[in-house]
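> sequence unknown, structure follows:
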């Protein structure tokens, strides 16, 4: 494998890592964030592929020094080729690049898919490329804060050998992230865990906001913002410190952070919650029931509470 001189020595006063010529496929939220982060530490993002008007705008705005080029041109010139495409498109992109032979032997090819390891890159590995899976455990909005957030994010990395892991580790450390090794066989489980936490948290919060809006609507104090369907309102401000504290407690203290009627085994309170939520929105009530049941199972709640929560399943 080609030695790229990428080490973490520069963070301990040693020599700076080698600068790489980087190509990005494509100019989505993840690709432009990673491209901007690599540029900040001195790598040269020479080109990026962009097809839709929104991706062209992102490329022009967030990677203004890069040229917008066809995928094969980006791949042909890259020492580090970053494939930041949706999971469903990754295999076909890799297959297309392999069939045209445009990726140079010895090039680093890194994808940003959470669910995939390096197996999906096998057609390019067979042609002499060095495969890397480098997935930022972060959600992206398409704005400048995405790049800043990468500096505080963990990255799930998978490589073919220890040299590959060293390269992936160095790239992540360079942009300020924390590399975490994920076995090839565990990539799907790793991705499922992240999706369960991040995606379902959004659903949980939006459901809680919806219920709170119903509870508070029409009761505004003099001069208070009207409670409506617009985001960042009274309901969100009421929930924000509570949810922030709950998340912090859960991450620092684990299951012992669980509070409320389920944790207390208060069957009557949980039954009352289910009744009012059912009246407000049956789907929301179903979500509450499912999460309460999982909480009850985790703490080993009594049979009466479990039976209540399992009703109607």
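Looks like it came in fine. Keep in mind the model is a prediction, meaning the values are calculated, not measured.
> Quick one: residues contacting residue 211.
With contact taken as C-beta atoms under 8 Å, 6 or more residues apart in numbering, residue 211 is in contact with 277, 280, 281, 284. Every C-beta, even on glycine, is put in place using the N, C-alpha and C of the backbone.
> Could you rerun that using 6 Å?
Residues counted as contacts of residue 211 (C-beta atoms under 6 Å, 6 or more residues apart in numbering): none.
> can you pull the pLDDT of it?
Predicted confidence (pLDDT) for residue 211: 96.
> any low-confidence regions in the stretch 201-313 of the chain?
Applying pLDDT under 70 to the stretch 201-313 of the chain picks out residues 312-313.
> now the helices for it?
If DSSP state H, counting those that start in this stretch is used as the criterion, the helices of the stretch 201-313 of the chain fall at 234-253, 261-264, 267-280, 282-299, 303-310.
> Tabulate those (TSV), appending mean neighbour count.
Converted to TSV, the helices of the stretch 201-313 of the chain look like this (neighbours: other C-beta atoms under 10 Å):
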stretch	mean neighbour count
helix 234-253	13
helix 261-264	18
helix 267-280	15
helix 282-299	16
helix 303-310	15
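> Let me have the ones you listed in a markdown table, extended by distance to residue 25.
Converted to a markdown table, these look like this (distance: least, C-beta to C-beta, whole Å):
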| stretch | distance to residue 25 |
| --- | --- |
| helix 234-253 | 34 |
| helix 261-264 | 47 |
| helix 267-280 | 45 |
| helix 282-299 | 38 |
| helix 303-310 | 47 |
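> out of those helices, which comes closest to residue 97?
Residue 97 lies closest to helix 234-253 among these, at 39.5 Å (C-beta to C-beta).
> Summarise which helices and strands the closest one is packed against.
Using 3 or more C-beta pairs under 6 Å, 6 or more residues apart in numbering; DSSP states H and E as the contact criterion, the secondary-structure elements in contact with helix 234-253 are helix 187-216.
> Can you list the buried residues in the helix it packs on?
Residues of helix 187-216 classed as buried under the neighbour-count rule (16 or more other C-beta atoms under 10 Å) are 187, 190, 191, 194, 207, 208, 209, 211, 212, 213, 214.
> for that helix, the distance to its chain's centre please.
A distance of 14 Å separates the centroid of the chain from that of helix 187-216, by C-alpha atoms, centre = their mean, to the nearest Å.
> Could you number the chain from 24 rather than 1 from now on?
OK, 24 is where the count begins now, so the last one is helix 210-239.
> before we move on, back to that, between the buried residues of helix 210-239, which sits nearest residue 109?
For the buried residues of helix 210-239, the minimum distance to residue 109 (C-beta to C-beta) is 13.2 Å, reached by residue 214.
> The closest one contacts residue 138, correct?
Yes. Taking C-beta atoms under 6 Å as the definition, residue 214 is a contact partner of residue 138 at 4.1 Å.
> Give me the neighbour count for the closest residue to residue 213 other than its chain neighbours.
Across the structure, with C-beta to C-beta, 6 or more residues apart in numbering as the measure, the residue nearest residue 213 apart from its sequence neighbours is residue 205 (4.9 Å). Per other C-beta atoms under 10 Å, the neighbour tally for residue 205 reads 19.
> and if you look at the one 4 residues further on?
Residues contacting residue 209 under the criterion other C-beta under 10 Å number 14.
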